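*Asks:* missing the sequence, but the structure's below:
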């Protein structure tokens, strides 16, 4: 019985090492139903848009942007967009007050 266990252990170890080196493809973000968070340039459509510290009206306003200002969306959370402006300031805006820029 002891010889059988000794001979089997190296074989089991070799199989485990081989299995651990296999890569199993994972679903891409679009297949998993997640949104693509690639940076996108948008334009402010509200006459004055509050840029907040976080993705909710409970967060304080950091600064404001005027209609027509071009900004870059760097992240999204529900109906909110995390943005960066040309002065490299960041914050969160209600996404409904932005529109994708036409090329």
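*Replies:* Arrived safely, thanks for sending. Treat the numbers as computed from the prediction; the structure is a model and nothing was measured. Residues are numbered from 1 along each chain as shown.
*Asks:* Just give the nearest non-adjacent residue to residue 67, would you?
*Replies:* In space, residue 67 comes closest to residue 47 once its chain neighbours are excluded; the distance is 5.0 Å by Cβ to Cβ, 6 or more residues apart in numbering. No exception for glycine: its C-beta is placed from N, CA and C like everyone else's.
*Asks:* Test my guess that that neighbour contacts residue 68.
*Replies:* No - the criterion here is Cβ atoms under 8 Å, and residue 47 misses it with residue 68 at 9.7 Å.
*Asks:* quick one on the thing from earlier: pLDDT score for the residue nearest to residue 67?
*Replies:* With respect to pLDDT, residue 47 scores 98.
*Asks:* go on, residue 9?
*Replies:* 61.
*Asks:* just the one 4 residues further on next, same as before
*Replies:* Looking at residue 13, its pLDDT stands at 53.
*Asks:* same check, this time on residue 101
*Replies:* At residue 101, pLDDT is 73.
*Asks:* which other residues reach the longest strand along the chain?
*Replies:* For the chain, the longest strand by residue count, based on DSSP state E, is strand 70-77. Contacts of strand 70-77 with the rest of the structure, by Cβ atoms under 8 Å, 6 or more residues apart in numbering, involve 35, 37, 39-44, 55, 65, 81-86, 90, 92-93, 95, 98, 101.
*Asks:* buried set for that strand?
*Replies:* 71-73, 76 (16 or more other Cβ atoms under 10 Å).
*Asks:* Partner strands of it, with direction?
*Replies:* Take DSSP bridges as the rule and strand 70-77 pairs in its sheet with strand 40-44 (antiparallel), strand 80-84 (antiparallel).
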